[in-house]
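Q: take a look and give me a structure for this.
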Amino acid sequence: MIAGIIVSANLSAQESKPNIVIISADEMVPMLLGTYGHPVVKTPHIDQLAQQGVRFDAAYANNPLCAPARAVMLTGMYSSNIGMYDNAAPLASDIPTINHYLIHQGYETVLSGKVHFVGPDQLHGFQHRLIESNYPADYRWVKSREAKIPRPHVNNYVANRLKIDQPNNNLRLDEMAQNKALEYLDTKNESSNPFFLFVSFNFPHEPFWPPQKYWDMYKDAEIQLPDLPDNWQDKLSIMDRWLRRHSSTDVMDVTVPESIREVRRAYYALYTYIDDKVGEILSKLEDQGLDNNTIVVFTSDHGDMIGERGMVQKRSFNEWSARVPLIVKYPDQRFAGTAQPTPVSLVDMLPTMQDWAGIPKEKRLHCDGSSLEPLMDGSIDEDRFAIIENHSEGVYTTCFSVVKNEYKYNWFTGYGAQLIHLPSDPFEWNNLSGERKYAGLEHEMRKIILDHFNPAELEKKVRFSINSRMMIQPILEQEGIDWKYTPEERR
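A: Here you go, the predicted structure:
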């Protein structure tokens, strides 16, 4: 009997379809949250959520980039299996999301905040999208596979570019997303039909421009600096080197202590800003009597290197880029305080929500994820693994990563591999690939990749997709076609 069926058997007919609330940050690494062991960053509401629920200690973004990561979470499919290669790739309308499944079960599906859909379908099963789109909905962000142009991302990671208590778009949109989400919850009560609410914030994504209140909280705080050995540049992988060029960190040093300390102070401040938003949502659920039948999930789409390995932003397979917080709280707080070390990933969210909603197995189409329900009680699954991929954003070949048990295996097609033992090497400086005693493990990890992907065929698909979008985008601009979403367009 699967865990989802056990849950249904213990609840009344109405409660068998719990409300589901996902709260997602952007570019948030778990290592800086209090519940994951950080001694300085103030996140009391997220910490309490973990105390009342299940904390996944090895959760990963399957593609550490905004649009693909969110598409993976909503569809339960690996990004390359749905053509989500980069931030300018469209999610096809014939790919079911969790919204479509939930609507069939009588749920109302609501989005408040960032999602970054590209293409004419700006809903993908969300019946209500409460605020405007913030990112290009066309293909203007598509990038050449070979003729890559270094980007100015590095400029947001130096102290003289920080702005404190200044109006900015991330803050405006996050306040709007929060207010609309709270207004929506005000319309719900214990007798309401079940709903799925996805509240998605832009912060702590750069630029790091926190409100004064949060900046002041860390005035005298001890700020953790990047962990860099003396010969760190010699230890970088080929992917690290490509991504440093992509973000221009190969020509501007983001590891200067005086600068990165201030940048991280602002980053810490934005963690506490998001934590307050989480607290407000949890309070609203309680005020409306919804906490007794609502499952709450807190996560992020990916992390941020923020100076580690001399890198910034995401896209890489390193822990600071690819690992995400993942916390699940049940209404009755079953499994409270559980810490789960088994590797999991965002692709697992769709089948997990299917279990929560009681969707019969025969009504489910194929997906790449596996439900998290069997892991909620802390049971360890040594056969389980997480797959991470990036094939176009800043890189020049198909790149794959597998995390299983205590090891991470990174394979850069045609450019070698890395094998990392995470417990003994958390900052991933020591490459064990090629050592004889690990030959069997490398073979096993590589087989997982090849059982799921065909690198040669995938390379062709990536190139065709990029070239197609680069050809179409000028026509969209010429014809004045823009799929940008505003709530007034909903009919």
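Q: buried stuff in stretch 175-183?
A: For stretch 175-183, the neighbour count (16 or more other CB atoms under 10 Å) marks 176-178, 180-182 as buried. For every residue, glycine as well, the C-beta is placed using N, CA and C.
Q: what's the average pLDDT for it?
A: The pLDDT scores in stretch 175-183 average 98.
Q: and the helices in the stretch 251-400 of the chain, which stretches?
A: 257-287, 319-322, 349-356 (DSSP state H, counting those that start in this stretch).
Q: pick the most buried one from those.
A: Comparing the helices of the stretch 251-400 of the chain by mean neighbour count (mean count of other CB atoms under 10 Å), helix 319-322 comes out on top with a mean of 26.
Q: list the contacts of that helix.
A: Contacts with helix 319-322, where a contact means CB atoms under 8 Å, 6 or more residues apart in numbering, come from 29, 31, 60-61, 64, 302-306, 308, 311, 313-316, 388, 401, 422, 426-428.
Q: buried only: go through the residues you listed for me.
A: Using 16+ other CB under 10 Å, the buried ones in the contacts of helix 319-322 are 29, 31, 60-61, 64, 302-306, 308, 311, 313-316, 388, 401, 422, 427-428.
Q: what about those residues, which are in strands?
A: Residues of the buried ones among the contacts of helix 319-322 located in strands (DSSP state E): 60, 388, 401.
Q: need these in JSON lines (columns: distance to Leu326 and pLDDT).
A: Shown next, in JSON lines, are these (distance: CB to CB, whole Å; pLDDT from 0 to 100):
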{"residue": "Tyr60", "distance to Leu326": "9", "pLDDT": "99"}
{"residue": "Ile388", "distance to Leu326": "14", "pLDDT": "98"}
{"residue": "Ser401", "distance to Leu326": "17", "pLDDT": "98"}
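Q: got the phi and psi for the closest residue to Thr294 other than its chain neighbours?
A: Sequence neighbours aside, Asn19 is the residue nearest to Thr294 in space, at 4.1 Å (criterion: CB to CB, 6 or more residues apart in numbering). When quoted as degrees, to the nearest 10, the phi and psi of Asn19 stand at phi -60, psi 150.
Q: now do Asn19 against Glu190, distance only.
A: Applying CB to CB, to the nearest Å, the value for Asn19 to Glu190 is 10 Å.
Q: compare the two (neighbour count), which wins?
A: Asn19 (25 against 12; other CB atoms under 10 Å).
Q: I figured the more buried one hits Ile295, correct?
A: Yes. Taking contacts as CB atoms under 8 Å, Asn19 lies within contact range of Ile295: 7.1 Å.
Q: pLDDT score assigned to Asn134?
A: What the model reports as pLDDT for Asn134 is 87.
Q: show me the contacts for it.
A: 114, 116, 169, 173, 202.
Q: now the buried members of those residues.
A: Looks like those have 114, 116, 173, 202 buried, using 16+ other CB under 10 Å.
Q: distance of the residue of the chain positioned farthest from its centre from Glu442?
A: Farthest-out residue of the chain from its mean C-alpha position, per CA atoms, centre = their mean: Arg436, at 35.0 Å. For Arg436, the distance to Glu442 equals 10 Å [CB to CB].
Q: what's the answer for Met470, then?
A: The gap separating Met470 from Glu442 is 36 Å, by CB to CB.
Q: could you check which of those two is surrounded by more residues?
A: Neighbour count, other CB under 10 Å: between Met470 and Glu442, Glu442 has more, with 19 against 15.
Q: ok, the nearest residue in space to the more buried one that is not next to it in sequence - contacts?
A: Distance criterion CB to CB, 6+ apart; nearest residue to Glu442, sequence neighbours excluded, is Leu419 at 5.9 Å. Leu419 makes contacts with 407-410, 431-433, 435, 438, 441-442, 445, as judged by CB under 8 Å, 6+ apart.
Q: where does Leu419 land in three-state SS?
A: Three-state call for Leu419 (DSSP: H, G, I helix; E, B strand; the rest coil): strand.
Q: what ranges do the strands span in the stretch 51-200 of the chain?
A: For the stretch 51-200 of the chain, the strands defined by DSSP state E, counting those that start in this stretch occupy 54-60, 108-113, 128-129, 195-200.
Q: partner strands of the first one, parallel or antiparallel?
A: In the sheet containing strand 54-60, the strands it pairs with under DSSP bridges are strand 323-329 (antiparallel), strand 338-340 (parallel), strand 344-345 (parallel).
Q: Gln48 is nearest to which of the ones you listed?
A: Relative to Gln48, the nearest member of the strands paired with strand 54-60 by CB to CB is strand 323-329, separated by 9.2 Å.
Q: so how far is the closest one off the chain centroid?
A: When C-alpha coordinates are averaged (CA atoms, centre = their mean, to the nearest Å), strand 323-329 and its chain have centres 10 Å apart.
Q: for the record, mean pLDDT for that strand?
A: 98.
Q: now the angle from it to helix 257-287?
A: 20 degrees (axes from the mean of the first three to the mean of the last three CA atoms, to 10 degrees).
Q: quick check: closest non-adjacent residue to the residue nearest the centre of the chain.
A: Closest to where the C-alpha atoms of the chain average out (CA atoms, centre = their mean) is Asp301, at 1.3 Å. What sits nearest to Asp301 in space, not counting adjacent residues and going by CB to CB, 6+ apart, is Ala69, at 3.9 Å.
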